[in-house]
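Participant: Next come a sequence and a model predicted from it.
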Amino acid sequence: MLDKVDVAIIGAGTAGLAALREVQRRSDDVVLINKPPYGTTCARVGCMPSKALIASANAFHARTMLDTFGIAGADQLRADIPAVMTRVRELRDYFVQGVLKSIKDLGDRNIEGQAQLDGPNRVVVDGHEIEARQIILAPGSSPIVPKPWQKFSDHILTTDSLFEARDLPARMGVIGLGAIGVEMAQALSRLGIEVHAFDGSDRMAGISDDKVADTLRQSLSQEFAIHLGVEVDLAEADEGVKITWGDESVVVDKVLVAVGRRPNVQDLGLNSLGVALDDKGMPEVDPNTMRICDTPVLFAGDANGIRPILHEGADEGHIAGLNATSDEPVPMDRRTPLTVTFCTPQVASVGQRAGDLDLDDCLVGEFNFSAQGRARIMQENYGLLRIYATRDQGRLLGAEMAVPAAEHTAHLLALAVKQRLTVYDLLGMPFYHPTLEEGLRTALRKIARQLPPCGISDLAGCAPLNAEALE
Ligand SMILES: Cc1cc2nc3c(=O)[nH]c(=O)nc-3n(C[C@H](O)[C@H](O)[C@H](O)COP(=O)(O)OP(=O)(O)OC[C@H]3O[C@@H](n4cnc5c(N)ncnc54)[C@H](O)[C@@H]3O)c2cc1C
Ligand SMILES: NC(=O)c1ccc[n+]([C@@H]2O[C@H](COP(=O)([O-])OP(=O)(O)OC[C@H]3O[C@@H](n4cnc5c(N)ncnc54)[C@H](O)[C@@H]3O)[C@@H](O)[C@H]2O)c1
């Protein structure tokens, strides 16, 4: 094993591999150290298998609306859960293979084992010491299972184990309704499993806008039992596990625990860096260079807790790799915040969320998709879009939504926020008919109407029509 290198990267996840690609542009003197398994959280147990499960669930769920489209016989369809799970694993394996290919040429520069820092320039892997000029930490995160629940391990699943299941039981609890909980609870329910879902807070999927949160709750409650703002307790039951909240309880076969993820830093040796750590044992990280204080150590991906989603982890790996191989600091602007939760209706947030803003100081435009033309045709007429803009110029600040095709609307709005566009700029776009984007136009016009007019029509570039006649 090498004992002196220019750059050592800890973690072969999305962030670590992005850092590797960046470092390799300027130096071959790099090692990648990874505690197995290989293949990244995203491909193995995260984004990809979860979306594969959702895709099967949505395909089966479509049968509930087929009669409204004039298609008969849907009641004959059934979900073959073992076949669904096999497809999930086949897709997972395909994506993991792609990741493994990307590191196969590293040879002895790919080191398998658990790494620990021993000071700012030294990494120890299974007793072997490696000195490095720069170190990039990218060890990812793991599902949290609260200690009192760990004794029910036979009945508990996390996303580390869910996709390994050959079959799924008839009744499931889902505790925690962040992105993971909401996506999986709906997918399980759509596959025909009786789902009881819980969250300690009164919101789901990280939504901070009250009205959007209410809309999502109304939609999802039609599909499975949702209990928000409750503290749950687990107990052994004859046939499964009993979930208790307040005076109520339910017995389920398995519980998916989705109460968040913990950075993999417990045994990383961060305390050997000689910098202050907060009460969670975390050092301060510059989000524009990824450097920890003035040390030669950079910290990227889920583990630093800054923006624990995939494209941000990849960016952080790239920024860390750039800074590890540059003589001078290279501070990089971060992207407009964007999140998408792949439930139905899709949930998304862009830029500043309601919770980041004083809405009394902003202009708000909203659109409810319940009667929207295209949404109605597709039988997807539900959901609420809320857009926030500055009071003086109508410059877009952000948006939250639970609407059909939110992933697309959110990307468009992210570009608008980044470009500092006003609602008038956006209203200058063509809006094809009939599209879901016509709903976005109505929300924008609602903001435009609250601004001083500066022309005679949308076509002139900036003025509101003050009518929805073109919809
Ligand atoms: C169910 C689920 C669904 C998700 N869906 C989405 C989605 O739809 N969109 C999205 O943007 N994000 C999604 N995410 C989040 C996304 O998967 C993560 O943000 C991303 O994978 C984090 O990448 P990473 O490189 O930081 O960590 P990882 O990919 O976890 O890589 C960390 C690596 O470091 C290794 N390691 C840990 N400690 C050590 C050590 N001490 N020494 C050596 N190696 C070590 C680990 O074994 C691992 O290989 C989802 C996550 C989950 C769990
Ligand atoms: N579509 C996506 O982008 C996507 C999908 C899945 C996961 N992810 C990422 O994965 C990470 C982890 O997701 P997550 O959903 O596990 O975490 P999260 O932190 O987003 O949500 C956890 C939820 O659990 C609740 N909770 C915590 N303790 C609880 C308890 N004891 N009882 C009941 N509820 C409790 C919280 O109130 C919160 O709503 C996030 O960073 C997320 O962004 C992203």
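Facilitator: Looks like it came in fine. Ligands and ions are numbered 1, 2, ... in the order given.
Participant: Just give me how far stretch 356-371 sits from the chain centre.
Facilitator: 23 Å (CA atoms, centre = their mean, to the nearest Å).
Participant: Figure out the length between the terminal residues of it.
Facilitator: Using CA to CA, to the nearest Å, the span of stretch 356-371 from its first residue to its last is 30 Å.
Participant: what does that stretch rub up against?
Facilitator: 208, 211, 215, 345, 375, 380-391, 394, 397-398, 403-404, 423, 436, 439-440, 442-448, 450-451 (CB atoms under 8 Å, 6 or more residues apart in numbering). Any C-beta I mention is one placed from the backbone N, CA and C, and that applies to glycine too.
Participant: Let's test this: mean pLDDT of stretch 183-192, rounded?
Facilitator: Averaged across stretch 183-192, the pLDDT comes to 98.
Participant: Tell me where the model's unsure across this protein.
Facilitator: 454-471 (pLDDT under 70).
Participant: do you know how far the residue nearest the centre of it is from residue 179?
Facilitator: The centre of the chain sits closest to residue 309, judged by CA atoms, centre = their mean, with a distance of 5.0 Å. Residue 309 is 9 Å from residue 179, where distance means CB to CB, to the nearest Å.
Participant: any common contacting residues for these two?
Facilitator: Counting by CB under 8 Å, 6+ apart, the residues touching both residue 309 and residue 179 are residue 339.
Participant: So which of the contacts of stretch 356-371 are in helices?
Facilitator: Judged by DSSP state H, helices contain the following of those: 211, 215, 375, 423, 439-440, 442-448.
Participant: for the residue in the stretch 151-300 of the chain that ligand 2 sits nearest to, phi and psi?
Facilitator: Minimum separation of the stretch 151-300 of the chain from ligand 2 (CB to the nearest ligand atom) falls at residue 178, amounting to 2.0 Å. Main-chain dihedrals, residue 178, degrees, to the nearest 10: phi -80, psi -160.
Participant: pretty sure it is touching residue 261, no?
Facilitator: No - counting by CB atoms under 8 Å, residue 178 sits too far from residue 261 to count as a contact (9.3 Å).
Participant: And these two? Which one has more around it.
Facilitator: Comparing residue 178 with residue 261 by other CB atoms under 10 Å, the one with more neighbours is residue 261, at 21 against 18.
Participant: Nearest spatial neighbour of that one, chain-adjacent residues omitted?
Facilitator: In space, and not counting its chain neighbours, residue 261 is closest to residue 141: 3.9 Å by CB to CB, 6 or more residues apart in numbering.
Participant: coming back round to it: contacting residues for the closest residue to the residue nearest to the centre of the chain other than its chain neighbours?
Facilitator: Nearest residue to residue 309 in three dimensions, chain neighbours excluded: residue 339, at 6.4 Å (CB to CB, 6+ apart). With contact taken as CB under 8 Å, 6+ apart, residue 339 is in contact with 179, 206, 309, 347-349.
Participant: wait, is residue 339 part of a strand?
Facilitator: Yes - assignment of residue 339 by DSSP: H, G, I helix; E, B strand; the rest coil places it within a strand.
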